[in-house]
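Below are the sequence and a predicted model for it; my questions follow.
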Amino acid sequence: QVQLVESGGGSVQSGGSLRLSCVFTGNSRDAYWMAWLRQAPGHEREGVALIEWDCGVTSPANSVKGRFTNSRDNAKNTLWLQMDSLKPEDTAMYYCAADSRVLAFSLEYRYWGKGTQVTVSS
């Protein structure tokens with residue numbers, strides 16, 4: 001069983017930065033692939049960044065490429081999402097998700113955190 005807890009959300013002005021974290025507990029093999037996804041009111045949940053835990057290979061979504069950086073700290077079982085140059089359209093609830101399977105930005109992840117809210121004002 002894997003548990004995920006996100007933190008670091010908040011309210012910032014356009015152009016600002018936030019750093020989200022996701023701490024996981026449980027079997028690391030069940031969290032081999034981890035992803036950040038977000039959902040804005042009235043919109044479908046969408047992928048933000050994907051990371052393969054062992055090698056740290058990351059894949060950001062096109063909408064955040066060059067602005068968001070995904071990384072992990074294996075010793076602390078923590079996933080980070082550094083968000084720079086934030087835009088109002090980045091406003092959403094951000095979720096951490098994990099699975100042993102390669103799911104990319106699918107919504108079929110087995111394990112989900114409860115989310116952390118990010119609000120960007122213009």
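Structure's in. What do you need?

Just give me the neighbour total for Ser106.
A count of neighbours around Ser106, defined by other Cβ atoms under 10 Å, yields 13. From N, CA and C alone the C-beta is placed, and that goes for glycine too.

Roughly how far does it sit from Leu37?
Distance, Ser106 to Leu37, by Cβ to Cβ, to the nearest Å: 9 Å.

same check, this time on Ser17
According to Cβ to Cβ, Ser17 and Leu37 sit 20 Å apart.

What segments of this protein are strands?
Secondary structure of the chain (DSSP state E): strands located at 3-7, 10-13, 18-25, 33-39, 46-52, 58-60, 68-73, 78-83, 92-99, 111-112, 116-121.

which residues touch the least confident helix or strand in the chain by mean pLDDT?
Across the helices and strands of the chain, mean pLDDT, DSSP states H and E gives its lowest value to strand 58-60, namely a mean of 84. Contact with strand 58-60 is made by Val48, Ala49, Leu50, Ile51, Glu52, Phe68, Thr69, Asn70, Ser71, Ala104, as judged by Cβ atoms under 8 Å, 6 or more residues apart in numbering.

between those, which has the most around it?
Comparing the contacts of strand 58-60 by number of neighbours (other Cβ under 10 Å), Ala49 comes first, having 25 neighbours.

For the nearest residue to that one once chain neighbours are set aside, list each beta-bridge partner.
Distances taken as Cβ to Cβ, 6 or more residues apart in numbering put Asn70 closest to Ala49, at 3.8 Å, once the chain neighbours are dropped. Under the criterion DSSP bridges, Asn70 forms beta bridges with Leu81.

which residues does Asn70 contact?
Contacts for Asn70 (Cβ under 8 Å, 6+ apart) come out as Trp36, Ala49, Leu50, Ile51, Thr58, Pro60, Leu79, Trp80, Leu81, Gln82.

Having no further points to raise, I will conclude here.
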